[in-house]
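*Asks:* quick one, fold the following:
(one chain, ligands or ions: 1)
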Amino acid sequence: MFFHRKELIVPIEVKKPDPVFAQFMLQQFGGATGELTAGLQYWVQSFHCPKPGIREMLQDIALEEFNHLEVVGRLIEEHTRNVEKTLTEADEKTIFALRGKGPHLVDERGVSWTAAYINEGGDVVRDLRANIAAEAAARETYEILLNRAPDTGTKMALHYLLTREIAHTKMFMKALDSLGKLTDPVFGNVKPDESVNVYYHLSANGAPLRGPWNQEPEFTYIADPAKVLEQQHELTGVGKH
Ligand SMILES: [Fe+2]
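*Replies:* Below is the predicted model of the structure:
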């Protein structure tokens, strides 16, 4: 059941309407990293989450994202209306000149929103990891928008939205941690084979660059994978034509 309260989750004040900036903001309305994508992604995931607490969190955050979608929509509306007297040449080339004022379900290039932006599957670990990536993408977009925002009121609203993406990231990470999967990449019922800790150095030139992602004792570093694979194929006959 849903209700709609005629009140924004964060107040907005736009002093300097800017249709060019509003077009950039469309990414967070009808774009891949936007609030519609996030809200629908977490909502759909909640239906196949077997853990009641995590399921409720996914629903709560999904609804918060719809609140954010409303804020972004209102910001776009405010940045595109009452601008007739101040329209610049650039403003007249925006999507709003043709499609009309206010938000549309397209991104800043006019590309229609698509469910293909949504990353969801049947496993809660997979879904929570996808959500951390989604929040990172949204946070990055908000930072770019924040730097371009034409007035303080818009900046304040965007700062709030950026902050909430970080808050959601923390929640998703804690949920993964509660499943013991924040630092453990293995999940599901199929155990990986012995290659799970092997690092193949496939960069052909320059000195090998080493770090925790390819170091012993966690990883076996194969400096010359071609040679090793050749030896393995000799032994097993696999890969020979
Ligand atoms: Fe979020």
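
*Asks:* element containing Y199, please.
*Replies:* Y199 belongs to strand 198-200 when assigned by DSSP states H and E.

*Asks:* so for that strand, what gets flagged as buried?
*Replies:* Applying a neighbour-count criterion of 16 or more other Cβ atoms under 10 Å, one finds Y199, Y200 buried in strand 198-200. For every residue, glycine as well, the C-beta is placed using N, CA and C.

*Asks:* now do stretch 161-175
*Replies:* L161, L162, R164, E165, H168, T169, M171, F172, M173, A175.

*Asks:* which ones among those lie within helices?
*Replies:* L161, L162, R164, E165, H168, T169, M171, F172, M173, A175 (DSSP state H).

*Asks:* next, count neighbours for D151.
*Replies:* The local packing of D151 (other Cβ atoms under 10 Å) involves 15 other residues.

*Asks:* I'd say it and L75 touch.
*Replies:* No. The criterion here is Cβ atoms under 8 Å, and D151 misses it with L75 at 10.6 Å.

*Asks:* which residues do these two both contact?
*Replies:* Applying Cβ atoms under 8 Å, 6 or more residues apart in numbering, one finds that D151 and L75 are jointly contacted by V14.

*Asks:* nearest residue to L182 other than its sequence neighbours?
*Replies:* Nearest residue to L182 in three dimensions, chain neighbours excluded: L176, at 4.5 Å (Cβ to Cβ, 6 or more residues apart in numbering).

*Asks:* report the contact partners of that neighbour.
*Replies:* Going by Cβ under 8 Å, 6+ apart, L176 touches V125, L128, R129, I132, L182.

*Asks:* can you flag the buried ones in those?
*Replies:* V125, L128, R129, I132, L182.

*Asks:* pull the most distant pair out of those.
*Replies:* Across the buried ones among the contacts of L176, no pair lies farther apart than V125 and I132, at 11.1 Å, counting by Cβ to Cβ.

*Asks:* next one: the residue nearest to the spatial centre of the chain, what pLDDT does it get?
*Replies:* Centroid check for the chain by Cα atoms, centre = their mean gives A134 as the closest residue, at 1.8 Å. For A134, the pLDDT comes out at 98.

*Asks:* measure the nearest residue to it once chain neighbours are set aside to the ion for me?
*Replies:* Using Cβ to Cβ, 6+ apart and skipping residues adjacent in sequence, the residue nearest A134 is A38, 5.6 Å away. Separation of A38 from the ion (Cβ to the ion, to the nearest Å): 5 Å.

*Asks:* OK, contacts around the one residue in the chain that gets nearest to the ion?
*Replies:* Residue nearest to the ion within the chain (Cβ to the ion): H168, separated by 3.9 Å. Going by Cβ under 8 Å, 6+ apart, H168 touches I61, E64, N131, E135.

*Asks:* format these as JSON lines; extra columns: distance to the ion, secondary structure and neighbour count.
*Replies:* Below are those laid out as JSON lines (distance: Cβ to the ion, whole Å; DSSP: H, G, I helix; E, B strand; the rest coil; neighbours: other Cβ atoms under 10 Å):
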{"residue": "I61", "distance to the ion": "6", "secondary structure": "helix", "neighbour count": "23"}
{"residue": "E64", "distance to the ion": "7", "secondary structure": "helix", "neighbour count": "18"}
{"residue": "N131", "distance to the ion": "8", "secondary structure": "helix", "neighbour count": "25"}
{"residue": "E135", "distance to the ion": "5", "secondary structure": "helix", "neighbour count": "24"}
